[in-house]
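>>> I need the structure of the sequence given here:
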Amino acid sequence: MGDVEYSLGEKVGAFGGIMIGHFLDGYNLVLISYLLVPMARYFHTGIGNISLAATLSLIFSALGGVMLGWLADRYGRRNALVLSVVIFGVFTLLSGAVTALWQLYVLRALVGLGVGASGE
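Residues are numbered from 1 along each chain as shown. Prediction:
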C-alpha cells in the first residue's frame with residue numbers, strides 16, 4: 001500500500017465532516033429526551049412509552065456498530081460509512097412523519113443502526 005499525502009485542506013475538510021457527523025449523531029440521540037412530554041401528549045401515551053423509542057435507538061446503535069463493522073471489513077470503510085450516513089439520514093427524516101407509536105419505535109431503531117455504524 002502506497003503512502004498518500006493529503007493537503008491541509010483535505011485534512012481540514014475530513015475533520016470537519018467527521019465533527020459534523022458526530023454532532024448530528026449526538027444531537028439526534030439526545031433531542032428525544034427534551035421532547036418526551038410533547039411526544040407523549042401527541043401520541044396520547046405515557047413518557048415511558050416514548051422513552052422506549054430512545055432506548056431502542058441506543059440498543060440498535062450497538063448492533064449497528066457490529067453489523068456495519070463487519071461490512072466495513074468486507075467491503076471497505078468508506079462504503080460502510082456512506083451506508084451508515086444514508087441509514088441515519090433517511091430514517092431520521094422519516095421519524096418526523098410518524099403517526100403511530102409503533103412507527104416511531106421502528107424508525108428510531110433504524111436510526112440507531114445508522115448512528116452506531118457511523119461511530120465505528
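>>> quick one: A109 from L63, how far?
With the distance defined as Cβ to Cβ, to the nearest Å, A109 ends up 9 Å from L63. Bear in mind the C-beta positions are built from the backbone N, C-alpha and C, glycine included.
>>> what about those two, which has more around it?
Using other Cβ atoms under 10 Å as the criterion, A109 and L63 rank with A109 on top: 20 against 14.
>>> so who does that one touch?
56-57, 59-60 (Cβ atoms under 8 Å, 6 or more residues apart in numbering).
>>> now the two most distant members of those residues.
Across the contacts of A109, the longest distance by Cβ to Cβ is 7.5 Å; it joins S57 and I59.
>>> mind giving me the packing neighbours of the helix or strand of the chain with the lowest mean pLDDT?
Among the helical and strand segments of the chain, the one scoring lowest on mean pLDDT, DSSP states H and E is helix 8-34, with a mean of 83. Applying 3 or more Cβ pairs under 8 Å, 6 or more residues apart in numbering; DSSP states H and E, we find helix 8-34 packed against helix 47-75, helix 77-95, helix 101-118.
>>> ok, now with 7 Å
helix 47-75, helix 101-118 (3 or more Cβ pairs under 7 Å, 6 or more residues apart in numbering; DSSP states H and E).
>>> mind listing what's buried along the shortest one?
By that I understand helix 101-118. Across helix 101-118, burial judged by 16 or more other Cβ atoms under 10 Å covers 101, 104-118.
>>> kindly report the same for the longest one.
By neighbour count, with 16+ other Cβ under 10 Å as the criterion, the buried positions of helix 47-75 are 49-50, 53-54, 56-57, 60-61, 64-65, 67-69, 71-72.
>>> relative to P38, which of the residues you listed is nearest.
I50 (9.3 Å).
>>> so who does the closest one touch?
Listed by Cβ atoms under 7 Å, 6 or more residues apart in numbering, the contact partners of I50 are 36, 39-40, 43.
>>> looking at the buried residues of helix 47-75, which one is closest to V4?
Using Cβ to Cβ, A72 is the member of the buried residues of helix 47-75 that lies nearest V4, at 18.9 Å.
>>> quick one: which of the helices and strands packed on helix 8-34 is nearest L24?
Among the helices and strands packed on helix 8-34, helix 101-118 sits nearest to L24 (Cβ to Cβ), with 9.0 Å.
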